[in-house]
Structure formats: structure tokens, C-alpha cells
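J.: sequence first, then the predicted structure, then my questions.
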Number of protein chains: 2
Amino acid sequence: MGKIGGIAVFLPKFTNNMEFIINIKDSKSSARTGTIKTDHGIIETPIFMPVGTLGGVKAVHTQHLEENVKAQIILGNTYHLYLRPGIEVLEAAGGLHKFNGWDKPILTDSGGFQVFSLNHRRKIKPDEGVWFQSHIDGSHHLFSPEKVMDIQRSIGADIIMAFDECTPYPCEYSYAKNSMRITHQWLERCCRRFDETEGKYAYSQTLFPIVQGSVYKDLRRESAEFTASMNREGNAIGGVSVGEPTELMYEMTEICCSILPEDKPRYLMGVGTPANIIECMAMGVDMFDCVMPTRNGRNGMLFTWNGMLNMRNEKWKFDFSPLDENSDLFADQKYSKAFLRHLYTANEMLGPMIGSLHNLHFYLDLVKTARKKIEEGAFATWKDEILPMISRKL
Amino acid sequence: MGKIGGIAVFLPKFTNNMEFIINIKDSKSSARTGTIKTDHGIIETPIFMPVGTLGGVKAVHTQHLEENVKAQIILGNTYHLYLRPGIEVLEAAGGLHKFNGWDKPILTDSGGFQVFSLNHRRKIKPDEGVWFQSHIDGSHHLFSPEKVMDIQRSIGADIIMAFDECTPYPCEYSYAKNSMRITHQWLERCCRRFDETEGKYAYSQTLFPIVQGSVYKDLRRESAEFTASMNREGNAIGGVSVGEPTELMYEMTEICCSILPEDKPRYLMGVGTPANIIECMAMGVDMFDCVMPTRNGRNGMLFTWNGMLNMRNEKWKFDFSPLDENSDLFADQKYSKAFLRHLYTANEMLGPMIGSLHNLHFYLDLVKTARKKIEEGAFATWKDEILPMISRKL
């Protein structure tokens, strides 16, 4: 541990010492529960990781993340944090944990997804990396595999991601294949740089590579095999949930999970709806992240055990029942559907605040319940029961 | 009490039973501490009342208002609540307390200030009231003294305000005089309607009249005398803090306080900065409200015991010290100035959320400390000491 009783303790620097233990394997699917140990504490898997793009989870107090949502790990975004507040500030703070006051584990994505989303504002030079223009001020920057490793060393997340090209959907086979090869070359460069360097703070970091290959089975197999061969402490599946049909996403995830080693955590990037998460958990995915609970929460779309609620709907106008009477979240008991609808329709910030908090609480409750069901040997039955419920539109 | 152990108890309806007790009078000023008893609990005075225009305090969770800010009473706005969610919804909910989940006292302003702010979208017909167009959809509405009483009966605040014309600044003497006369006529109509009607829910309400008279001493005296003669359970001073110089605001407040009865709470509407509040407390004001802590909090302007901080300022970029290390608020200890600056500059909602919470916590801490100092006989010394401190710009 890098912290004991709130006081920073200067321990020797590690480059690598994450531990993953599988606790229980489901007999009827590939689902399993496990524990990831990091220097900022443990993570129970399967886990959902709230997205804190700029270092803070949008519209949610850190206190609520800790005490109510019971988040065990949050995400930061390399591209966004590099631009604002900037690496100089993060280094001066002693890393992102010290900067944002989140003492538990953090994972940073590599910025690949954001940089490639810039479309006309970026240029790929495989031997170098990607030149891009900031979405804030148009300034020019280069992200190379090496630079992205260095930036993530400075941000100081516990789990950092390789710099990849996240292909869009649809994507031509030839483009996907070439892009995957570049991603693999970059992965080798990422691993080399990561292994040559050390964490900048008094705790260890670990690097996860990312499988690409778009919606092509052979490419996914090739990429998963290459990724597995790098023998890192965990592996990620990227390039899914970018607009492809859900069935294709499941198919690609299943292929990747069948190849990526069972004894290491598998992280499915950017997925998804509650149903997506349960389905992919059954394929052996251990870690999930998605902006959906916070983004939809800001827009008035709430996830519950009974289905999805559009809180802007007229139908809640006179519904004074609590948001969710079975929930242990204060906001679910305290606020009525009618009040929440009023806040959204009047564009009051409190609406998005309650919605984001509620959705994250639900997502973490979902994965916690799933872990319990796996441990009880009741996962398959539970999955069949709840999938139609949580997917309903109310 | 209308509620015992969270269960609504149907008691006989009262029209009027607020109680006000003066606890300690300061020997060197007109400041005093007191207790207002309402059916939704007690209010310790002097008090600051956070503004919840649309029923919720902007960007602040009700849980934090209760547990951290320790607000004792919040404000709602008749104009806004009448338009959204509308009286039908509020009545169906069983009043605003049931609708927004705030079980403690609520005060509603009468909508006079908002309606008169509509400028070209309203027309005064003294015998009737004011015709105005909704700022939301342009629909036409009439607010008469009687209607505003009826609406506030439906909203169900513990303390409701008379329907007045809030004159702007600057304001011609002749306009101010005529306007004041209309306000007085309307006040008589408000009192009549209020006394003829009963609360719609299982608790009592009380009506406060409002002194007007712009910045003219003779008008303020006349208005304060007329207001006092109505013999209500509390009195308010309106038409201040509308752009006039601070010294004029103090002068008008002092005149009003000297005439309004000492044994009833005095409420200074829409005031103000921490310094304004302390100064007017010394004149005998017991209740304050203002959007300043929440509005400035949203904009990055923070009030502290050491002065005012503009959190967007470059100077905080590398300041990793907590927002306020002497505060008992989790947000003040948890978040650094640098992180908060980052949230504001990146337009993250969490910035305004933290700023609003911090400022309200400070305002309530300010009035709590003032009460303590009055009780200790140390108010005058404390006032002289802290005024230069809290007014500094850092």
C-alpha cells in the first residue's frame, strides 16, 4: 500500500505487482468472480468502473462514489487529462489520486479512442504515432506509444492502457487488418517503454494491452493471440460498442474471451447497457466501463431493476412514489419520480446529479449482485430472470 | 407538528401559529438571537435561507443541505413553482414539502419580484393585480393579491409572503410613492384573503407583509409603519439589494428595523454578501436569503473566512492545499484548490456542485457563528474583526 492511515509512505518503486485471484467459477457459463489487488486497494470482479474523464466523475461527488455507489475503481482519460489540467500539474500534485482526492484504484485509457474520434483533426504516421489537434484550442500534439506510456506514468493510474487504434464501425476488412497490425506494433513499443520505466510515485502500475480487429473473426483471433502472447497482467478488448449490432459485439467478445488467458482479468472497453454487461460477464469478462450510466443519467434516462425510465416523460408528472423504494440509496428513497421529472424538465442541475448518482449506484449494485449469484451458483438462472426485466422500457 | 416519526398525522388546520422567542439581545447593537417555531420545526435566528427557486436548491443534494450545510429553512419561488411543476401537481403531492422531500420549514416569496422583472411582459392593473407572460411559453397569467395567497396556500410553505411591487433602482420618487401605495392596498387584500382561508395541509402557515418605499426615507417610514400596523407574526423588508449603493441599502434597512416591532422576526429580502448580512444583523434583522452563495458558487466565486476566492484564477493551478482546511465540510477537506480550478476551467458540473455546497456551508456557518457571538456578548468585537477578513479578494 502506498498509503497507511492517510499518510503517504515511501515504499520502493515497483513496475509491476498487480495480483489477480479467481474466487469462484460458474459451472454453466464462463462467468467467474475474482479479486484484483493493487497498491490502492482491492477490486472485486466482475466490476463496473465509473468514468471520470477529466479526473472527476461527472455530476457525482467523490463522497457519494465512495459511500453510496461504492465504486472500487474509476477511469480517467489520458487525452483529456493531458490537455487539462496537463501533465505538469498532475506531476506536481503527485499523480491523479492526489489531485482528485480519489484514494482507490484508477485506470486510465490511452487516449487512442479520443484521438481517433477527432477525424479530420488527426493524422496517423505508423512509425511515429498520431498527430492531432486539441479540441480545445486547436494546438498540435503527437501521441506516440512511448509518449502515451510516459503520460500515463505521470498521471499515475494503477492500470494503464496500451496506445491502440480503435477502428470505427463499419470498417473495411483491409483497413481493419492494417490498423490491427499497427496496433500490434505500437503494443510492442508500449510494452518496451513501460518495462524500461518505473512508476513516478510510491506505488506500482500495470499495463493492459488491447485486442482490436473490428468485427472480423480471423482478425479478432489473430489480435487476441498476439495480445495474449505479450503476457501482461491483464488484457482488454477494444473496438467494440462503436455502433456495431449487439450480436456482432457479443460474437467478437466471445472469440476474444476464448483466447485471452483465463487466469488474467479481461476488460471489455466501453460496454455497455446492463444487459450487455451481464451477457459479457457470462463469457468471462471481469471489468467494464461505460459513460452510459452518467451520460444517460444527465439526460434523464434511468436504469432500474424493473427496466429503463425516461424521467422526462409526462407519465411521471403525478407519480409521487420514490424513485426506487427497494434501493438503499438516499436519493432513491428521498426523491419522488414526479420531483425528478420536474427537475429535468426545468433544466435544474439537480436532475442530472440525481440521475447520474442513481445510475452508477444501480450499475455497481448490478455487478455486486452478479458476483453474489456466481458465488451462490445461481448466476445462469438469475441472468435469465433479470435480463427481460432490466431491458424493459417503462 | 404535522409529522411524527415520518408519518403524516392529521391535526386540526391552523391558519396561524408561528411562535417567535427572542433569546439574547446584544448590548452594543440591535442584533439578537431568537427561535422561530413552525409546524415543520424550529429555526434559530439570525438565519440564512438557501434559495430553492424551483423547489430544489440548485446543484445541492437535499442530503447535503440537511447534513452538511445544516440549513434550517429553504426558500421556494411562487412564480416559478406556479409555472413548473404547477399548482395541480403540488396539490396532488400534498404540498411542496412532500413534493421535494424537504421536511423542514419552507418560505415562499410571492412572485412579485419575478413578475416585475419581466418588464415588457407584464402590465399592472392596481385594482386587479399584474398580468404577465410566462418566460417559458409566453402564456398569459394574472397574479392578484388573492390569487397569490391561494397559490401559496397550495404550495404550502410555512411562511408565505404578501404580493408586492418590488421597485427597481433607480426609481423616481413619484413612482416609488405610487407603487408603495399599491403595495399597501394589495397587502390589505392579501391579509384579508389569508385570514379568510385555511392551510390545505395538516400544518399552519403564516403571512409576512413586505415594506417597500425604494431609497426614500419618508416612504420607508410610512411603509414600515403601515406594515407594522397589520400586526402579522413577522415582517419583511423588500426592494433592497436591487442595485442601489450599499450605504443606501443599510440606511433603508436601519429605518425599517427601527419601526418594525422588535418582538417579531424581521426578514431582509435578497441580502446579500457575508458583510451585508453581518451589518444588517447588527440592525436587528433575523432572516436573510440570497442567490449569491449558489449563483457565485456556480461561477467559481467562493466565500471563505479569509476572503473571496475566484477559483478560475490561474493562481490556484498548482495549489494542492485543501479548499478550506479548517472547515468540517467533507468537500472542503477532500478537494484541493487546484482540482476545483480544473473542474471550473474544464466546465465540469462537479465544480459548480462543490462551489454551491461550499458557499452555502459557509453562509450557514457564518450565521451560526454570529448567533454564538451574540450569545457570548462578543458580537461587536467579532464583527469588527471579521468584516475586513471576509471581504478580502484573494
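T.: Structure's in. What do you need?
J.: rounded mean pLDDT for the strand or helix carrying residue A:309, please.
T.: Assigned by DSSP states H and E, residue A:309 falls within strand A:307-310. Strand A:307-310 comes out with an average pLDDT of 97.
J.: what do you get for stretch A:165-175?
T.: On average, stretch A:165-175 scores 95.
J.: contacts for that stretch?
T.: A:112-113, A:116, A:124, A:176, A:179-180, A:182-183, A:186, A:212, A:214-216, A:219, A:238-239, A:242-244 (C-beta atoms under 8 Å, 6 or more residues apart in numbering or on different chains). All C-beta atoms are positioned from the backbone trio N, CA, C, and that covers glycine.
J.: could you rerun that using 6 Å?
T.: A:112-113, A:116, A:176, A:179, A:182-183, A:214, A:216, A:238-239, A:242-244 (C-beta atoms under 6 Å, 6 or more residues apart in numbering or on different chains).
J.: how long is stretch A:98-111 from one end to the other?
T.: Across stretch A:98-111, the terminal residues are separated by 21 Å (C-alpha to C-alpha, to the nearest Å).
J.: does chain B sit close to it?
T.: Yes. Shown here: stretch A:98-111 in contact with chain B (C-beta under 6 Å from any C-beta of the partner chain) through A:99-101.
J.: tell me the one of those nearest residue B:137?
T.: Checking the residues of stretch A:98-111 next to chain B against residue B:137 by C-beta to C-beta gives residue A:100 as the nearest, at 41.3 Å.
J.: can I assume residue A:150 sits in a strand?
T.: No. According to DSSP: H, G, I helix; E, B strand; the rest coil, residue A:150 belongs to no strand; its state is helix.
J.: please report how far residue A:44 lies from residue B:238.
T.: 57 Å (C-beta to C-beta, to the nearest Å).
J.: returning to that earlier point: for ChimeraX, what selects the buried ones among the contacts of stretch A:165-175?
T.: Buried members of the contacts of stretch A:165-175 can be picked out in ChimeraX with the line below, counting by 16 or more other C-beta atoms under 10 Å in any protein chain shown:
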select /A:112,113,116,176,179,182,183,214,216,238,239,242,244
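J.: find the centremost residue of chain A, please.
T.: residue A:289 (2.5 Å; C-alpha atoms, centre = their mean).
J.: count of neighbours near the nearest residue to it once chain neighbours are set aside?
T.: Among residues not flanking residue A:289 along the chain, residue A:49 sits closest, at 4.3 Å (C-beta to C-beta, 6 or more residues apart in numbering or on different chains). Look at residue A:49: counted by other C-beta atoms under 10 Å in any protein chain shown, it has 23 neighbours.
J.: quick one: residues contacting residue A:49.
T.: Contacts of residue A:49 by C-beta under 6 Å, 6+ apart are A:73, A:75, A:289.
J.: among those, which lie within strands?
T.: A:75, A:289 (DSSP state E).
J.: let me know the closest of the contacts of residue A:49 to chain B.
T.: residue A:75 (14.7 Å; C-beta to the nearest C-beta).
J.: distance-wise, check that closest one relative to residue A:298.
T.: Distance from residue A:75 to residue A:298, by C-beta to C-beta: 17 Å.
J.: is residue A:325 located within a helix, as I assumed?
T.: No. Residue A:325: not assigned to a helix; according to three-state DSSP it is coil.
J.: now do it against chain B, distance only.
T.: From residue A:325 across to chain B, the span is 13 Å (C-beta to the nearest C-beta, to the nearest Å).
J.: quick check: closest non-adjacent residue to that residue.
T.: Leaving aside its sequence neighbours, residue A:325 sits nearest to residue A:333 (C-beta to C-beta, 6+ apart; 6.9 Å).
J.: what of residue A:100?
T.: Nearest one to residue A:100, counting by C-beta to C-beta, 6+ apart, is residue A:55 at 4.3 Å.
J.: ditto for residue A:308
T.: Ranked by C-beta to C-beta, 6+ apart and with sequence neighbours excluded, the top spatial neighbour of residue A:308 is residue A:393, at 5.3 Å.
J.: next, count neighbours for that neighbour.
T.: Neighbours of residue A:393 using other C-beta under 10 Å come to 8.
J.: what residues does the stretch 51-200 of chain A put near chain B?
T.: Residues of the stretch 51-200 of chain A lying near chain B (C-beta under 6 Å from any C-beta): A:54, A:56, A:58-59, A:62-63, A:84-85, A:92-93, A:99-101.
J.: of these, buried ones?
T.: Neighbour-count burial (16+ other C-beta under 10 Å) applied to these gives A:54, A:56, A:58-59, A:62, A:84-85, A:92-93, A:99-101.
J.: may I see those residues organised as TSV, with secondary structure and distance to residue A:384 added?
T.: Below are those laid out as TSV (DSSP: H, G, I helix; E, B strand; the rest coil; distance: C-beta to C-beta, whole Å):
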residue	secondary structure	distance to residue A:384
A:54	coil	39
A:56	coil	37
A:58	coil	34
A:59	coil	34
A:62	helix	37
A:84	helix	45
A:85	helix	46
A:92	helix	52
A:93	helix	47
A:99	helix	44
A:100	helix	40
A:101	coil	41
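J.: quick check: the farthest pair among the residues you listed?
T.: Taking C-beta to C-beta, the two most distant members of those are A:59 and A:92; they sit 26.9 Å apart.
J.: where do the helices sit along the stretch 101-250 of chain A?
T.: Taking DSSP state H, counting those that start in this stretch as the criterion, the stretch 101-250 of chain A carries its helices at A:112-117, A:145-155, A:173-196, A:217-229, A:246-259.
J.: out of the ones you listed, which comes closest to residue B:324?
T.: For residue B:324, the closest of the helices of the stretch 101-250 of chain A is helix A:145-155, at 26.7 Å, according to C-beta to C-beta.
J.: what packs against the closest one?
T.: Under the contact criterion of 3 or more C-beta pairs under 6 Å, 6 or more residues apart in numbering or on different chains; DSSP states H and E, helix A:145-155 touches helix A:78-81, helix A:87-93, helix A:173-196.
J.: buried deepest among these, which one?
T.: Stretch with highest mean neighbour count among those: helix A:78-81 (a mean of 25; mean count of other C-beta atoms under 10 Å in any protein chain shown).
J.: which residues touch the residue in the stretch 101-250 of chain A that chain B sits nearest to?
T.: Of all residues in the stretch 101-250 of chain A, residue A:101 sits closest to chain B, at 4.6 Å by C-beta to the nearest C-beta. By C-beta under 6 Å, 6+ apart, the contact set of residue A:101 is A:62, B:334-335.
J.: over to residue A:164?
T.: Going by C-beta under 6 Å, 6+ apart, residue A:164 touches A:112, A:183, A:210, A:212, A:238.
J.: residue most distant from the centroid, chain A?
T.: Farthest-from-centroid check, chain A (C-alpha atoms, centre = their mean): residue A:318, 36.7 Å.
J.: so it touches residue B:90, yeah?
T.: No. Contact criterion C-beta atoms under 6 Å: residue A:318 and residue B:90 do not qualify, at 10.7 Å.
J.: what about the nearest residue in space to residue A:283 that is not next to it in sequence, how many residues nearby?
T.: Using C-beta to C-beta, 6+ apart and skipping the chain neighbours, the partner closest in space to residue A:283 is residue A:257 (4.5 Å). For residue A:257, the neighbour count with other C-beta under 10 Å is 22.
J.: now residue A:348, what's its secondary structure?
T.: Under three-state DSSP, residue A:348 falls in the coil class.
J.: from residue B:151, how far out is it?
T.: Using C-beta to C-beta, one obtains 20 Å as the distance from residue A:348 to residue B:151.
J.: same question, residue A:381
T.: Relative to residue B:151, and taking C-beta to C-beta, residue A:381 is found at 54 Å.
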